[in-house]
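Asker: sequence first, then the predicted structure:
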Amino acid sequence: MAKPVEFGIGFLTGRTNICNIINNCYKDMIEQVKDYPDGVNLTIFILYDLEYQHTKREEFYTLKDDVYKKIQIKYITPEDIEEEKKILKSRYKLTKSEVNLILGTGYARARNAIMYFALKRKIDYLLFWDDDEYPYANIKGENGEIIWEKQNNILEHLNVIPDADITVGHRCGNMSPVPYIEFNDDVIQEQEFKEYIEAVSNEVISWDNVKKDMDKDNGITFAERDITEGKDKIVLKHVGLKNWLYASGICINLTHLDKIPAFYNPPLARGEDTFFCTLLSEARVVKVPTYHFHDSFLKYTGILKGKFPKEFEKPSLNDTSVGDRFLMASMGWIKYKPLLMYIMQRKTYLKDIAIAKEKLKNSIEKINKMFPESNFLCLVDELEKYDQNVQEHYKEYLKTNEVWNRIKAQIYEGIMPGN
């Protein structure tokens, strides 16, 4: 008899909403895989960051007793990470700076840490799931009403991942934390906001996408019926050039480790999924028919308890949490923009970064006035700093995967620390 599949679900989080997600979704997780041939053992990995929202450790330990009885739970604590760094240095002959590229907090290092701990537990497949996404699809009915459908977000990956290196699902809901803007001369003109978006833009956030979202359904993206009915299962080609993946909703085949790069982002930046994608040219990546509803501003957490909104609110510019969330996102984007441009368009980098700086300077005063409780002016200095350090970040990007490849080589030779 074949052994059960070991399936991991990875949550890296700084928000205690993670406990809400697990407490309300664990029964459905089990239900999805209960009839899978040979069985499935589920393990949830939770790596928490206490600095992100200055939370207390105990806030991440509010899972129901029944969760622990039904699913393996592995918390990855700051102490666990420091202990593994020591092991990596001694057994894999790595330096302190090298292990710090792989393990830690922050978006990329935390994902690497979850992958590493999953490998230690002999996990076959690892699904990353963000703390602001729920396994539901919002579909627009014939009369404009919202139809909500639960998604088999584990099973759809599980059905495909054995024959792939990466599987990826779809997103609906708030596709990005860009608030809805009604343009006028008193607040901001469309051209000014366009310049700002173009200044912070990246492989996913573009003015065309933002404008399309604003023009349609107040910035909400609805799920497509063909996808929810399972008619969309596509092998993606040219990943990192034409197809960029979100880190949440990515399932990684850890039995195909040679095809899996490490995650990287510049210090305190985002972009960990972006730089991951730049190294997937040899991987078989399949898009599977399942959705996560993205709740950028955490306005719809009631969905997890079956309280489905009948309409979507426009994120108010007077809500300080909206401004803060938009600033944090903009900061994360602006800090990885220079490196992405340096990798993807090296020959025109100097010209392109100068254009981005000019557009940011032209628009930042208006943006700052829109959100008086948030200091958007700091983005100008941040873009300048990350431009100046772009070559150093490029070296780190290369070095991270050099170290990861050395770790993978040791794993293939059976040199893997025990639990």
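Answerer: Nice, I can see it.

Asker: switch to C-alpha atoms for all contacts and neighbour counts from now on
Answerer: Will do.

Asker: now do the contacts for the closest residue to residue 277 other than its chain neighbours.
Answerer: Excluding its sequence neighbours, the residue lying closest to residue 277 (CA to CA, 6 or more residues apart in numbering) is residue 240, at 4.7 Å. Residues in contact with residue 240 (CA atoms under 8 Å, 6 or more residues apart in numbering) are 274, 277-281.

Asker: do residue 277 as well
Answerer: Residues in contact with residue 277 (CA under 8 Å, 6+ apart) are 239-240, 244-245.

Asker: secondary structure class for the residue lying closest to residue 99 once chain neighbours are set aside?
Answerer: With CA to CA, 6+ apart as the measure, residue 85 is the residue that lies nearest to residue 99, at 6.0 Å, once sequence neighbours are left out. Secondary structure state of residue 85, per DSSP: H, G, I helix; E, B strand; the rest coil, is helix.

Asker: SS state for residue 7?
Answerer: strand.

Asker: er, residue 248 actually
Answerer: Assignment for residue 248 (three-state DSSP): coil.

Asker: ok, residue 380 next?
Answerer: In three-state terms, and counting by three-state DSSP, residue 380 is helix.

Asker: mind listing what the residue sitting nearest the centre point of the chain touches?
Answerer: In the chain, the C-alpha closest to the average C-alpha coordinate belongs to residue 247, at a distance of 3.6 Å (CA atoms, centre = their mean). For residue 247, the contacting residues are 128, 272-273, taking CA under 8 Å, 6+ apart as the criterion.

Asker: cutoff 10 Å now
Answerer: Neighbouring residues of residue 247 by CA atoms under 10 Å, 6 or more residues apart in numbering: 107-108, 111, 127-130, 168, 263, 271-274, 276-277.

Asker: equivalent analysis for residue 177, please.
Answerer: Residue 177 makes contact with 219, 294-297, 315, 322-323, 325-330, according to CA under 10 Å, 6+ apart.

Asker: 6 Å instead?
Answerer: 296, 326 (CA atoms under 6 Å, 6 or more residues apart in numbering).

Asker: pretty sure it sits in a helix.
Answerer: No. Assessed by three-state DSSP, residue 177 does not belong to a helix; its assignment is coil.

Asker: residue 327 versus that one, what's the distance?
Answerer: For residue 177, the distance to residue 327 equals 9 Å [CA to CA, to the nearest Å].

Asker: repeat that for residue 85.
Answerer: 33 Å.

Asker: same question for residue 287.
Answerer: 31 Å.

Asker: distance check, residue 67 against residue 364.
Answerer: Per CA to CA, residue 67 is found 47 Å from residue 364.

Asker: ok, what's across the strand from residue 221?
Answerer: For residue 221, the beta-bridge partners under DSSP bridges are residue 173.

Asker: for the helix or strand where residue 227 lies, give the mean pLDDT please.
Answerer: Assignment of secondary structure by DSSP states H and E places residue 227 within helix 225-228. Along helix 225-228, the predicted local confidence has a mean pLDDT of 91.

Asker: what does stretch 71-84 give?
Answerer: Summarised as a single mean, pLDDT over stretch 71-84 is 95.

Asker: now do the same end-to-end measure for it.
Answerer: Looking at stretch 71-84, the gap from its leading to its trailing residue is 24 Å under the measure CA to CA.

Asker: low-confidence stretches in this protein?
Answerer: By pLDDT under 70, the low-scoring segments of the chain are 1, 53, 232-233, 241, 412-419.

Asker: joint contacts of residue 177 and residue 327?
Answerer: When CA under 6 Å, 6+ apart defines a contact, no residue borders residue 177 and residue 327 alike.
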